[in-house]
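Student: I need the structure of the sequence given here:
(4 chains)
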There are 2 protein chains.
Amino acid sequence: MDIIEPMVQDIRTLGLPALLSFHTVAREGGISAAAARLGMAKSGVSRHVTQLESHFSVRLLERGARSVRLTPVGQKLDDRIRSILAEVDLLEDIAREESVGVSGQVTIAATPEFGGLVATELFPEIRARHPDLTLVMRPDYAFEDMQDPGTDLAFRVGTFKDDRLIALELGGFRRALVASPAFLKDHPVQAPNDLVNAPCLTFRGDRPGATWRFQKDQARSQIEVDGPIAVRSFGILLQLAIAGHGLANLPEFMLGDALKSGALARCLPDWSQGVNPVFLTFRPGARKVARVAAVIEQASTKLPGLVTVETARPHV
Amino acid sequence: MDIIEPMVQDIRTLGLPALLSFHTVAREGGISAAAARLGMAKSGVSRHVTQLESHFSVRLLERGARSVRLTPVGQKLDDRIRSILAEVDLLEDIAREESVGVSGQVTIAATPEFGGLVATELFPEIRARHPDLTLVMRPDYAFEDMQDPGTDLAFRVGTFKDDRLIALELGGFRRALVASPAFLKDHPVQAPNDLVNAPCLTFRGDRPGATWRFQKDQARSQIEVDGPIAVRSFGILLQLAIAGHGLANLPEFMLGDALKSGALARCLPDWSQGVNPVFLTFRPGARKVARVAAVIEQASTKLPGLVTVETARPHV
DNA sequence: GAACCATGGGTTCAATTATATCCATCTGTT
DNA sequence: AACAGATGGATATAATTGAACCCATGGTTC
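Tutor: Now for the predicted structure:
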């Protein structure tokens, strides 16, 4: 009849509860703790683990006297199992939305500035369409794991590495070097090299200083800048620049008002900086959850117009 | 003690076998057929489905007299379930490789031309590292679903939409408009508009004709070309161009030899065409499977140098 | 510092409980 | 009548628990 023979058989002997037990052991760091968390007898958890071990014919836990550690294979498997359990959770969401409608809560992570843009530009329309939906913006520079439930979507700027997430490229933005007009009168900046000893207001990331790259026609310039003030907030950098404390290199989308009102002026307007791509990331199954899809859709239709300076490439 | 309370509980009553049964029903189009495929009593399959339905409180199947159809929710859920089952399968692979080592088979889909590039440039080194690994290249212009096991990796050119796959951007290539020197002597092409009535050798995709876009400084030109010969193979287009049958617009990476030997010459060399991005796509968990990871790693380290014309952006 | 025990975590085992599966039967449609 | 799916009861299978068991560590004591 049918040619496709190789279908999954082993799943039968592999239970979701066993996967959950093992994953909980990995999370909690011990069988007793996992059993407490799951509200079941520790013998059951122990059995689940051994069951998986014999199923895979691989040792998943290094048994110490008072503790267990994951073996390398155990770690790999746990990582996948975590994803699987998260995907299974989504099944519930998808089904529930069918009867209850789009409601509940969507949690979105983004940098504070970008989060502001997203919240002001996107949230009103989403809320108008889905009144029962609660949108939670979690502004943070540190990107979280997103494998544990809690965050549904994350806007990320620039490169990142995570196999387990879908990344939707929304466009990109440029940065602009700006300072207050008064400051520029005292500290004229004609070329990128003038920045070396200038008071640059840098974003304080993991390490001090920053590298700013400029390009003009074929000329490229890469400057290691530093300055008296470094802050872990672009918003504060913006205020500092307006107050005339130095040069700031800020995303274009933050500068609209300040440039119009004349509070800030561009430096080196002929020199362009590369495009910072903006990605929207989420777990693979998330797009099938209607309330998450609503936000994704809104973001992918409306945001490109807001941040894209040049159309870079077809979106994924 | 711990703050993190919301952990999955429902999984307990949700069995992988039930998911498998439902998915098989969806695949086979009926409960009896599914039961036959799974080698179990049809009553069991029926129970599994009703069990899921009551678990989710949603109807998954439209019951007809002699057939069942998936409800919209059923389709969504089945789509996710399919992914989940595939991910569960990967668990076995990951575990097995720990004891057996990297072996087995990796199936890779790509267009015939690109497949050739991949096979010649990538396969030797991979095979040298993993002698027990069998690499299967499946050249095909039609991209398959990749949700059903069978294809582990797929190289894709240009845009695509599939939430369920991870896309790794490897770089991009440009196309070049070429023809034989003899042909060009008879049919000089000075500007893109000259192509309108020229005998263009087009790739026969889903619909006839093609749109070629050219750019020179700020000038942009978009030409709807057509011609006497349309073939669903870039390789044959290359041969036709060499034989002097017309103009072909081919990927740069195919043209090395023909341009060097003088068999082909560039047309409109001042006009550039956009970069065609190349993606490597795979199921989310696939990278954790060592034998697949070996190919991904090789591709992502070696291919960018082969196809990238300009570094577009940091890879994901 | 060596011997000692008490503690906490992991495993094993048997009994109980729950669950899945099958076969036969029933219902409804074509 | 024939086929596809649903239902129900009997049986076998599997999951869960709680108590007993191990065993390494850490602290205590001498």
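
Student: Now find how far off-centre the helix or strand hosting A:L238 is within its chain.
Tutor: Element membership of A:L238, judged by DSSP states H and E, is helix A:234-242. Remark: helix A:234-242 is offset 23 Å from the chain centroid, using C-alpha atoms, centre = their mean, to the nearest Å.

Student: contact partners of the very next helix or strand once past that helix?
Tutor: Sequence order places strand A:247-251 as the next helix or strand after helix A:234-242, per DSSP H and E. Residues from elsewhere that reach strand A:247-251 (C-beta atoms under 8 Å, 6 or more residues apart in numbering or on different chains): A:113-114, A:173-179, A:183, A:187, A:189, A:195, A:198-202, A:210, A:212, A:227, A:234, A:237-238, A:240-241, A:267, A:273, A:276. The C-beta positions use only the backbone N, C-alpha and C, and glycine is treated the same way.

Student: now what about the helix holding A:L238, what contacts it?
Tutor: Counting by C-beta under 8 Å, 6+ apart, A:111-113, A:178-180, A:183, A:201-203, A:229, A:231, A:246-248, A:250-251, A:254-255, A:258, A:263-264 sit against helix A:234-242.

Student: For the stretch 101-250 of chain A, which segments are assigned as helices?
Tutor: Applying DSSP state H, counting those that start in this stretch to the stretch 101-250 of chain A gives helices spanning A:112-129, A:181-186, A:234-242.

Student: So which residues of the stretch 101-250 of chain A form strands?
Tutor: All strands of the stretch 101-250 of chain A, identified by DSSP state E, counting those that start in this stretch, fall at A:104-110, A:133-139, A:153-157, A:166-173, A:175-179, A:200-203, A:210-216, A:219-225, A:230-231, A:247-251.

Student: The second one and chain B, any residue contact?
Tutor: No. When contact is scored as C-beta under 8 Å from any C-beta of the partner chain, no part of strand A:133-139 falls within range of chain B; the minimum is 14.6 Å.

Student: Paired strands for that strand, with orientation please.
Tutor: Neighbouring strands of strand A:133-139 in its sheet, by DSSP bridges, are strand A:104-110 (parallel).

Student: now swap in the last one and tell me
Tutor: As defined by DSSP bridges, the strand partners of strand A:247-251 come to strand A:175-179 (antiparallel), strand A:200-203 (parallel).

Student: Quick check: A:A86 touching A:R283?
Tutor: Yes. Proximity of A:A86 to A:R283 meets the contact threshold set by C-beta atoms under 8 Å, at 5.9 Å.

Student: neighbour count winner among the two?
Tutor: A:R283 (24 against 19; other C-beta atoms under 10 Å in any protein chain shown).

Student: which residues touch that one?
Tutor: Residues in contact with A:R283 (C-beta under 8 Å, 6+ apart) are A:83, A:86-87, A:90, A:146-147, A:152, A:164-166.

Student: which one of the residues you listed is nearest DNA strand C?
Tutor: DNA strand C has its nearest neighbour among these in A:E87, at 20.2 Å by C-beta to the nearest atom of the strand.

Student: Buried residues of the helix or strand hosting that closest one, list them for me.
Tutor: Assigned by DSSP H and E, A:E87 falls within helix A:72-100. Neighbour-count burial for helix A:72-100 flags A:73-74, A:76-98 (criterion: 16 or more other C-beta atoms under 10 Å in any protein chain shown).

Student: out of the residues you listed, which touch chain B?
Tutor: Okay, of these touching chain B (C-beta under 8 Å from any C-beta), that's A:73, A:76-77, A:79-81, A:83-85, A:87-92, A:94-96, A:98.

Student: Could you state which residue of chain A sits nearest its centroid?
Tutor: Nearest to the mean C-alpha position of chain A, counting by C-alpha atoms, centre = their mean, stands A:A154 at 3.8 Å.

Student: quick one: pLDDT of it?
Tutor: With respect to pLDDT, A:A154 scores 90.

Student: And A:D206, by the same measure?
Tutor: On the pLDDT scale, A:D206 gets 68.

Student: cool, A:P314 as well?
Tutor: Looking at A:P314, its pLDDT reads 33.

Student: got the CA coordinates for stretch A:117-137 in PDB?
Tutor: C-alpha atoms of stretch A:117-137 as PDB (Å, rounded to 0.1, in the frame of the first residue of the first chain):
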ATOM      1  CA  LEU A 117       9.300  52.500  20.100                       C
ATOM      2  CA  VAL A 118       7.500  49.200  20.000                       C
ATOM      3  CA  ALA A 119       5.100  50.000  22.800                       C
ATOM      4  CA  THR A 120       4.100  53.400  21.500                       C
ATOM      5  CA  GLU A 121       3.800  52.400  17.800                       C
ATOM      6  CA  LEU A 122       2.500  48.900  18.000                       C
ATOM      7  CA  PHE A 123       0.600  48.300  21.200                       C
ATOM      8  CA  PRO A 124      -2.300  50.600  20.600                       C
ATOM      9  CA  GLU A 125      -3.400  48.900  17.400                       C
ATOM     10  CA  ILE A 126      -2.900  45.500  18.800                       C
ATOM     11  CA  ARG A 127      -5.000  46.400  21.800                       C
ATOM     12  CA  ALA A 128      -7.700  47.800  19.600                       C
ATOM     13  CA  ARG A 129      -8.000  44.600  17.800                       C
ATOM     14  CA  HIS A 130      -7.800  42.300  20.800                       C
ATOM     15  CA  PRO A 131      -9.200  44.100  23.800                       C
ATOM     16  CA  ASP A 132      -8.700  41.100  26.100                       C
ATOM     17  CA  LEU A 133      -5.000  40.900  25.400                       C
ATOM     18  CA  THR A 134      -2.500  42.100  27.900                       C
ATOM     19  CA  LEU A 135       0.800  43.200  26.500                       C
ATOM     20  CA  VAL A 136       3.800  43.200  28.800                       C
ATOM     21  CA  MET A 137       7.000  44.900  27.800                       C
END
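
Student: Next, the buried residues of it.
Tutor: Residues of stretch A:117-137 classed as buried: A:117-118, A:121-123, A:126, A:130, A:133, A:135, A:137 (neighbour count, 16+ other C-beta under 10 Å).

Student: Which members of the residues you listed are the farthest-apart pair?
Tutor: Farthest-apart pair in these is A:L117 and A:H130; separation 20.4 Å (C-beta to C-beta).

Student: Check chain A for the residue nearest DNA strand C and tell me.
Tutor: For chain A, C-beta to the nearest atom of the strand, closest residue to DNA strand C: A:S43, 3.0 Å.

Student: That residue sits in which helix or strand?
Tutor: A:S43 is located in helix A:42-56, with elements delineated by DSSP H and E.

Student: is that helix anywhere near chain B?
Tutor: Yes. With C-beta under 8 Å from any C-beta as the criterion, chain B is reached by helix A:42-56 at A:F56.

Student: Run the angle between that helix and helix B:72-100 for me.
Tutor: Here the directions of helix A:42-56 and helix B:72-100 differ by 70 degrees (axes from the mean of the first three to the mean of the last three C-alpha atoms, to 10 degrees).

Student: can I get the strands paired with strand A:247-251 in JSON lines with mean pLDDT, distance to DNA strand C and mean neighbour count?
Tutor: Below are the strands paired with strand A:247-251 laid out as JSON lines (pLDDT from 0 to 100; distance: least, C-beta to the nearest atom of the strand, whole Å; neighbours: other C-beta atoms under 10 Å in any protein chain shown):
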{"stretch": "strand A:175-179", "mean pLDDT": "90", "distance to DNA strand C": "50", "mean neighbour count": "24"}
{"stretch": "strand A:200-203", "mean pLDDT": "87", "distance to DNA strand C": "43", "mean neighbour count": "22"}
